[in-house]
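**Student:** From the sequence below, what's the structure:
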Amino acid sequence: MRTVWTYLKKAWHWLTSMRTALALLFLLAIAAIPGALLPQRSLNEENVAEYIANNGRLAEIYDRLQLFDVFQSTWFAAIFLLLTLSLIGCILPRTWDHYQAMKTPPTRAPKNLGRLPLHAEGTIDKPMAEVADDARGLLKKWHVAEYQPDDDRAGAFSLAAERGYTRELANLLFHLGLVGMLITIAAGRMVYYEGHVIVVTESGNYETPEITQSTEFCNTSTANYDSFRAGPLFDGTGLTTFCFDAHDFAADYLPNGQAEMFTSNISYAVGDDILTPTEEWTDYELKVNHPLRVAGDRVYLQGHGYAPTFTVTWPNGETRTQTIQWRPDDPTFFLSSGVMRFDPPAGMYPDLFDRRQNQIAIQGLFAPTAEWSGENGELLTSSYPAMRDPAVAIDVYRGDAGLDTGRAQSIFSLDPTLLHSGQLQKIERVNLTQGESVTLDDGTEVTFDGASEFANYQISRDPFQPWVLVTSAVMLAALVGSLLIRRRRIWVRLIPVDEGVTRVEMGGLARTDRAGWGGEFEDIHRALFGLEDPDEIDDDDLVPDLDEQPVR
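**Tutor:** Below is the predicted model:
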């Protein structure tokens, strides 16, 4: 047990050394690099799946090393925990040492003050007691100790003064702020929640009658989100109850197509106010970096895209219309890709098998401002992000679109297994502008009605975020203090020369960085010796008057 205790003490001393803390901080920074270079599941699981599919064995190794879940990985959490323990182990003994240092009188003056970086000496025509009182007055803001001749190294009365203890205090506060920031960030990740919801606004552009879309979102259940993630201690039952209604979405673009600002006018209600008519809800103009703050939750406007609308008319005259958001593949000009699936009317195919074999699937590209290229001018691209001349390039499939399988499917692409197995057969490839239609071989008509803009809203809550801000502010303020405050010492030795005359020796030493401190020593020196400030001497006093000079 004694051996075990010895090794534990050595391990603790190693862990709580400043060198180890710096090494762990550097290691944590290196460990975060894969999180910035590789796609992360917590941000976009589809990108991770695509990366693994494209990179084969290497990506599988990355996955086993948790490089796609860096900030949730065990090894990142271990480094984080060791760094926190190391900093706490460094701070506690240093805090006690600093307290002891503040209670300890300044050290006695060296025997030979002339060897110090700052030094001054001379005689003052005053008794030693009066000079000592003057020195005490000049050093009243310093931590001063007096040493009698028996205690002084040179056998004379001396004053020892020290200042700048707050430098070490600021250094400790910096490390405390760093530890507090790490702890509050970790605590926040344990109880936070964050979700995304896509709302198709009513700013549709149709030649057919407007299609009614739900523009409301209520934060009452995690099932209402398109994507949702939360900390391990959040069970999904503590959502803040509020609703908002997205009235519109507007994007301002520069002439080159670069987005300048996104704006969405919404109205919202909290708690029991949700039951009131929507006309009485509170209005708010939501912009990028100007979130709506509701009872601790924050609603951000993150981005937008387009949701094309298609109408399928079957031979018996029945129609089905859908508006679904498509994924912007080009973040500049919003060339987007997506999928729509249509189930035929129940009366057309009483047999369930026949009904499954006649489902319609549409997959293709959408351009808000169409530009045609290629040999035959049939290659669709987008030339501007605003919706000026919408068009689509689509493939139309008939067969089993997977609507009845019970498995979740991507809203942006068809299941490749359905295509490879022949369950879905391509029957048409066509380019359509707004209002155009294509008639299939069985008389079914597919019409491109137009498109609406959708907005992506992020709802997030982190109850520890204010504490992260406080600890970060403390850390930065303490860092500035530790850089600006200087720990310095001044010694004044008084030696009586004659009655009414005192010899004074002064010495100054900066315990950290001397740069910029010498001026304070000079001010005390001039004030004690009664010397005039060089900056206040008139230049005319330095030039002799030629009229008063004797003529030779």
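
**Student:** Near residue 422, how many other residues are there?
**Tutor:** Neighbourhood size, residue 422 [other Cβ atoms under 10 Å]: 9. Backbone N, C-alpha and C define where each C-beta goes, glycine included.

**Student:** State the pLDDT value of the closest residue to it other than its chain neighbours.
**Tutor:** The shortest distance from residue 422 to any non-neighbouring residue, by Cβ to Cβ, 6 or more residues apart in numbering, is to residue 399 (7.8 Å). Residue-level confidence at residue 399 comes out at 87, pLDDT.

**Student:** Over to residue 399: give its phi and psi.
**Tutor:** Here is the backbone geometry of residue 399 (degrees, to the nearest 10): phi 140, psi -150.

**Student:** can I assume residue 418 is in contact with residue 407?
**Tutor:** No - if you go by Cβ atoms under 8 Å, residue 418 and residue 407 don't touch, sitting 11.0 Å apart.

**Student:** So which of these two has more stuff around it?
**Tutor:** Between residue 418 and residue 407, counted using other Cβ under 10 Å, residue 418 has the larger neighbour count: 18 against 7.

**Student:** Doesn't the more buried one belong to a helix?
**Tutor:** Yes - counting by DSSP: H, G, I helix; E, B strand; the rest coil, residue 418 is part of a helix.

**Student:** How about it: what's its closest non-neighbour residue?
**Tutor:** Per Cβ to Cβ, 6+ apart, closest to residue 418 is residue 424, 4.7 Å.

**Student:** do the same with residue 98
**Tutor:** residue 168 (5.0 Å).

**Student:** quick one: the helices in the protein?
**Tutor:** Along the chain, the segments classed as helices by DSSP state H run 2-15, 18-31, 33-37, 45-64, 74-103, 128-138, 165-191, 352-356, 416-420, 465-484, 518-529.

**Student:** would a markdown table of these with distance to residue 333 and mean pLDDT be doable?
**Tutor:** Below are those laid out as a markdown table (distance: least, Cβ to Cβ, whole Å; pLDDT from 0 to 100):
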| stretch | distance to residue 333 | mean pLDDT |
| --- | --- | --- |
| helix 2-15 | 54 | 81 |
| helix 18-31 | 37 | 87 |
| helix 33-37 | 27 | 88 |
| helix 45-64 | 21 | 85 |
| helix 74-103 | 38 | 84 |
| helix 128-138 | 72 | 92 |
| helix 165-191 | 36 | 87 |
| helix 352-356 | 38 | 79 |
| helix 416-420 | 27 | 83 |
| helix 465-484 | 36 | 90 |
| helix 518-529 | 61 | 87 |
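
**Student:** quick one, which of those helices is nearest to residue 283?
**Tutor:** helix 465-484 (25.6 Å; Cβ to Cβ).

**Student:** Please work out how many residues are found near the spatially closest residue to residue 268 that is not a sequence neighbour.
**Tutor:** Excluding its sequence neighbours, the residue lying closest to residue 268 (Cβ to Cβ, 6+ apart) is residue 244, at 4.0 Å. Residue neighbour count, defined by other Cβ under 10 Å, stands at 28 for residue 244.

**Student:** so what's residue 128 up against?
**Tutor:** Listed by Cβ atoms under 8 Å, 6 or more residues apart in numbering, the contact set of residue 128 reads 157, 494-496, 502.

**Student:** Among those residues, find me the one that's closest to residue 392.
**Tutor:** Taking Cβ to Cβ as the measure, residue 392 sits nearest to residue 494 out of those, at 94.8 Å.

**Student:** The closest one contacts residue 501, doesn't it?
**Tutor:** No - Residue 494 lies out of contact with residue 501 (Cβ under 8 Å); the separation is 11.2 Å.

**Student:** quick one: which of the two has more around it?
**Tutor:** Neighbours per residue (other Cβ under 10 Å) separate residue 494 from residue 501, with residue 494 holding more: 19 against 14.

**Student:** Tell me how many other residues surround the residue nearest to residue 98.
**Tutor:** Residue neighbour count, defined by other Cβ under 10 Å, stands at 20 for residue 168.

**Student:** Any figure for the gap between it and residue 35?
**Tutor:** 35 Å (Cβ to Cβ, to the nearest Å).

**Student:** give me the number of residues near the residue nearest to residue 418?
**Tutor:** Around residue 424 there are 25 residues (other Cβ under 10 Å).

**Student:** can you pull the contacts of it?
**Tutor:** Shown in contact with residue 424 (Cβ under 8 Å, 6+ apart): 361, 397-401, 414, 418.

**Student:** that older thread, adding distance to residue 218, write the helices of the chain out as JSON lines.
**Tutor:** Putting those into JSON lines (distance: least, Cβ to Cβ, whole Å) gives the following:
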{"stretch": "helix 2-15", "distance to residue 218": "49"}
{"stretch": "helix 18-31", "distance to residue 218": "39"}
{"stretch": "helix 33-37", "distance to residue 218": "33"}
{"stretch": "helix 45-64", "distance to residue 218": "25"}
{"stretch": "helix 74-103", "distance to residue 218": "35"}
{"stretch": "helix 128-138", "distance to residue 218": "70"}
{"stretch": "helix 165-191", "distance to residue 218": "22"}
{"stretch": "helix 352-356", "distance to residue 218": "34"}
{"stretch": "helix 416-420", "distance to residue 218": "34"}
{"stretch": "helix 465-484", "distance to residue 218": "23"}
{"stretch": "helix 518-529", "distance to residue 218": "64"}
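
**Student:** Nearest to residue 287, out of those?
**Tutor:** Here helix 465-484 is closest among the helices of the chain (Cβ to Cβ), at 20.0 Å.

**Student:** Show me what the closest one packs onto, helices and strands only.
**Tutor:** For helix 465-484, the packing partners by 3 or more Cβ pairs under 8 Å, 6 or more residues apart in numbering; DSSP states H and E come out as helix 165-191.

**Student:** List the buried residues of the helix it packs on.
**Tutor:** Within helix 165-191, the residues scored as buried using 16 or more other Cβ atoms under 10 Å are 167-185, 187-189, 191.

**Student:** which ones are touching residue 159?
**Tutor:** By Cβ under 8 Å, 6+ apart, the residues touching residue 159 are 132, 135-136, 139, 144-147, 491-494.

**Student:** Kindly recompute the last result at 6 Å.
**Tutor:** Contacts for residue 159 (Cβ atoms under 6 Å, 6 or more residues apart in numbering) come out as 135, 146, 492.

**Student:** now the first one: how far from residue 360?
**Tutor:** I take that to be residue 135. 97 Å.

**Student:** Residue 360 versus residue 200, what's the distance?
**Tutor:** In terms of Cβ to Cβ, residue 200 sits 21 Å off from residue 360.

**Student:** And for residue 493?
**Tutor:** Between residue 493 and residue 360 the distance is 100 Å, computed by Cβ to Cβ.

**Student:** any chance of the contacts of residue 159 in TSV, plus neighbour count and distance to residue 478?
**Tutor:** What follows is the contacts of residue 159, written out as TSV (neighbours: other Cβ atoms under 10 Å; distance: Cβ to Cβ, whole Å):
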residue	neighbour count	distance to residue 478
135	23	32
146	16	33
492	29	32
